[in-house]
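1. Fold the following.
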Amino acid sequence: MTLKNSFPEPPRPQPTGRYIVTFDTSIETAQAQTLIENRTGIRTFDMREIGDTRLQEPGAAAPEGGAIIERFKVAVIQPQDGIGARMASLRAESGVKEVRPEFYLFAINELERRYAAWVREGLSILANGFPEAAAPVTAAAERAAAEAAAFADTDQFTWGLQAVGADRTPYTGKGVRVAVLATGLNFHHPDFAGRAIVSQSFVPDHSVQDVQGHGTHTAGTLAGPAVSKVGRRYGVAPDVELHIGKVLDDRGAGAEFDVVDGMNWAIDQKCAVISMSAGRPTRPNETFDSLYERAGRAALKENCLIIAAAGNESARDYGYIAPIGAPANSPSIMAVGAVDPRLKVAPFSCGAVNEDGKALDLVGPGMSVYSAFPEPRQSRTLQGTSMACPHIAGVAALLAESSPSLRGASLRQALIAAAREIGPARDYGHGLVQALRSVGV
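-> Residues are numbered from 1 along each chain as shown. Got it, this is the predicted structure:
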């Protein structure tokens with residue numbers, strides 16, 4: 001039988017109806033605004049001048065307008081009617097790098113729905129073959145997997161904290177500013193009530209309060225307290241200075257410009273680490289998005305490291321490995337995959353299969369992850385690369401506490417150097433990051 005490369009594509013990006021415009025980095029903001037108005041007739045605001053004011057939610061009822069983020073030289077345009085010809089005219093300008101539709105990003109925790117979709121296609125896969133057969137595992141990786149004893153939650157710590165060594169380190173993230181960009185935080189949760197937290201909503205007409213749960217769970221993994229009021233300890237870096245940016249609405253969806261606006265805010269807040277468990281699927285051989293690469297580079301330049309979930313679109317049980325999603329596939333952003341309690345790659349975890357050379361950077365605990373959740377549940381066990389990402393971001397905060405020199409690119413290299421190799425780079429990157437076990441080590 002001839003094998004065919006016919007595995008169904010991941011879900012396509014969902015446009016918001018707005019447009020993203022990326023300018024040359026040398027252009028002045030006022031000049032960019034003039035270009036947009038002259039070519040499209042649409043006036044845009046400088047985000048530095050409008051404070052906490054947000055654009056209206058994308059849609060047919062939204063008024064014509066736009067905004068620009070000076071740091072990234074990126075604008076969003078909301079048209080009221082057909083604007084194709086005007087967009088083409090703007091695209092032709094010498095100071096414009098790219099004009100494209102804006103898409104929605106999603107909380108990367110929809111494992112059950114997405115994975116079920118792959119399972120339903122199982123018969124078709126078996127009949128037509130696999131586009132990406134699993135590569136042979138090296139002998140060393142096989143030995144490492146065989147020797148790995150399964151981690152498990154205890155009364156004191158989650159298995160994830162044990163796996164990354166957060167239960168054995170003297171560091172707590174004290175004095176390090178970190179931002180979690182997701183669906184907000186449940187501020188009434190017993191483990192966060194009364195804590196000093198800097199927060200901002202970037203979603204129109206939404207408070208920072210989390211009702212969806214994704215933000216509370218990921219923030220809990222990164223920064224939950226050393227002593228939880230609802231159960232075992234689940235926070236990697238309990239003493240960080242926590243910043244919560246709500247960039248996804250109460251359904252777990254957010255417009256790209258709102259997400260990038262949240263990144264810009266976190267950089268303004270001097271955060272050393274941004275944890276982002278939001279994204280969208282990419283197609284085979286799709287290159288990275290210049291919007292996120294520009295944001296990642298700008299962050300590194302200002303001593304901030306963005307860490308993002310790689311995505312949950314793989315169906316490894318059927319031999320399919322999906323490419324790393326956006327924005328994690330940007331070279332200047334760290335991409336995090338997921339492993340189970342035996343340190344085996346999770347079946348849904350995306351891998352480094354695209355030819356553009358974007359590597360998976362690290363893996364973290366991403367299956368059966370216990371953490372905080374909005375009331376009335378207060379805690380919940382979830383799985384996904386969304387859950388792996390804050391483990392890595394938390395260890396990044398621990399490393400940043402250990403030395404003020406570990407910021408930006410140097411912090412990224414320190415994370416890689418601290419990783420424990422557990423398998424092939426396509427699936428595990430540099431490995432499972434480990435927290436420092438003693439001061440100065």
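
2. what is the mean pLDDT for the strand or helix carrying residue 102?
-> Residue 102 belongs to strand 96-107 when assigned by DSSP states H and E. On average, the pLDDT along strand 96-107 is 94.

3. Who are the packing partners of it?
-> Using 3 or more C-beta pairs under 8 Å, 6 or more residues apart in numbering; DSSP states H and E, the elements in contact with strand 96-107 are strand 15-23, helix 84-91, strand 253-255, helix 256-268, strand 278-279, helix 290-301. (C-beta placed from N, C-alpha, C; glycine too.)

4. right, so these: which one is the most enclosed?
-> A comparison of the helices and strands packed on strand 96-107 by mean neighbour count, using mean count of other C-beta atoms under 10 Å, puts strand 278-279 on top with a mean of 30.

5. Just the helices from the protein, written as ranges.
-> All helices of the chain, identified by DSSP state H, fall at 29-40, 84-91, 111-120, 122-128, 139-147, 159-164, 214-223, 256-268, 290-301, 385-402, 409-417, 425-428.

6. Can you check which of the helices and strands packed on strand 96-107 gets nearest to residue 373?
-> When these are compared by C-beta to C-beta, strand 278-279 sits nearest residue 373, at 17.7 Å.

7. what lines up beside that closest one in the sheet?
-> Paired neighbours of strand 278-279 in the sheet (DSSP bridges): strand 96-107 (antiparallel).

8. mind listing what residue 425 touches?
-> Contact analysis of residue 425 by C-beta atoms under 8 Å, 6 or more residues apart in numbering lists 352, 359, 360.

9. That one and residue 333: what is the separation?
-> The span separating residue 425 from residue 333 equals 17 Å under the rule C-beta to C-beta, to the nearest Å.

10. before we move on, back to that, top of the contacts of residue 425 by neighbour count?
-> Most neighbours among the contacts of residue 425, by other C-beta atoms under 10 Å: residue 360, with 26 neighbours.

11. Next, count neighbours for residue 162.
-> Other residues near residue 162 come to 18 when the count uses other C-beta under 10 Å.

12. Just the angle for the strand holding residue 102 relative to helix 256-268, thanks.
-> Relative orientation of strand 96-107 and helix 256-268, computed by axes from the mean of the first three to the mean of the last three C-alpha atoms, to 10 degrees: 90 degrees.

13. any low-confidence regions in the chain?
-> 1-12, 60, 109-149, 357, 438-441 (pLDDT under 70).

14. Show me it divided up by domain.
-> Per automatic domain parsing, the structural domains of the chain span 15-102, 128-433.

15. Single out the most deeply packed of those.
-> Highest mean neighbour count among those (mean count of other C-beta under 10 Å): domain 128-433, with a mean of 22.

16. Check the offset of that domain from the chain's centre.
-> Centroid displacement of domain 128-433 relative to its chain, using C-alpha atoms, centre = their mean, to the nearest Å, is 7 Å.

17. Contact partners for residue 36?
-> Neighbouring residues of residue 36 by C-beta under 8 Å, 6+ apart: 21, 42, 43, 44, 66, 68, 75, 77, 90.

18. Show the contacting residues for the closest residue to the first one other than its chain neighbours.
-> If the residues on either side of it in the chain are set aside, residue 21 comes closest to residue 75, at 4.4 Å by C-beta to C-beta, 6 or more residues apart in numbering. Contacts for residue 75 (C-beta under 8 Å, 6+ apart) come out as 20, 21, 23, 32, 33, 36, 44, 66, 67, 68, 69.
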